[in-house]
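>>> starting from these lines, generate the structure:
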Amino acid sequence: MAPVFDSLTDKERMILRYLASGSPMKRIKESTGISKNYADNLLLQLRRRLGVPTTNRLMYLFGLLSNLYDIPKDKQPPEE
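The predicted structure is shown next:
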């Protein structure tokens, strides 16, 4: 698995998986019960940690990592 993905916290991975599944931040906040500020801070921390300036580029990077390193997508967010 990608070393950069391995270095993420469980919460960062959760946010990334929700975003990758197409969930907007509003739904992520409602589904997980985390506050708006906490969710926004996690996303900012994730982008900074990976050196990615925008959320769109973050999703592009995650797509590349998923394909290159066969990152399992078995922990996708629940359907609503």
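>>> which residues sit against stretch 35-55?
Contacts with stretch 35-55, where a contact means C-beta atoms under 8 Å, 6 or more residues apart in numbering, come from 4, 7-8, 11-12, 15-16, 19, 25, 28-29, 32, 34, 58, 61. Every C-beta, even on glycine, is put in place using the N, C-alpha and C of the backbone.
>>> got any ranges where the protein has weak pLDDT?
1-5, 64-80 (pLDDT under 70).
>>> how about the helix or strand that contains residue 48: buried residues?
Using DSSP states H and E, residue 48 sits within helix 36-50. For helix 36-50, a neighbour-count test (16 or more other C-beta atoms under 10 Å) marks 39, 42, 43, 46, 47, 50 as buried.
>>> also stretch 50-60?
Those would be 50, 52, 58, for stretch 50-60 by 16+ other C-beta under 10 Å.
>>> mind listing what the spatially most central residue of the chain touches?
By C-alpha atoms, centre = their mean, the chain has its centre lying nearest to residue 16, at 0.8 Å. Residue 16 makes contacts with 8, 46, 58, 62, as judged by C-beta under 8 Å, 6+ apart.
>>> likewise residue 60?
So residue 60 contacts nothing (C-beta under 8 Å, 6+ apart).
>>> helix, strand, or coil at it?
helix (DSSP: H, G, I helix; E, B strand; the rest coil).
>>> ditto for residue 23
When the rule is three-state DSSP, residue 23 gets the label coil.
>>> before we move on, what about residue 8?
coil.
>>> hang on, the earlier thing: and the furthest pair within the contacts of residue 16?
Using C-beta to C-beta, the two most remote members of the contacts of residue 16 are 8 and 58, lying 11.5 Å apart.
>>> so how many other residues sit close to residue 14?
Residue 14 has 19 neighbours, counted by other C-beta atoms under 10 Å.
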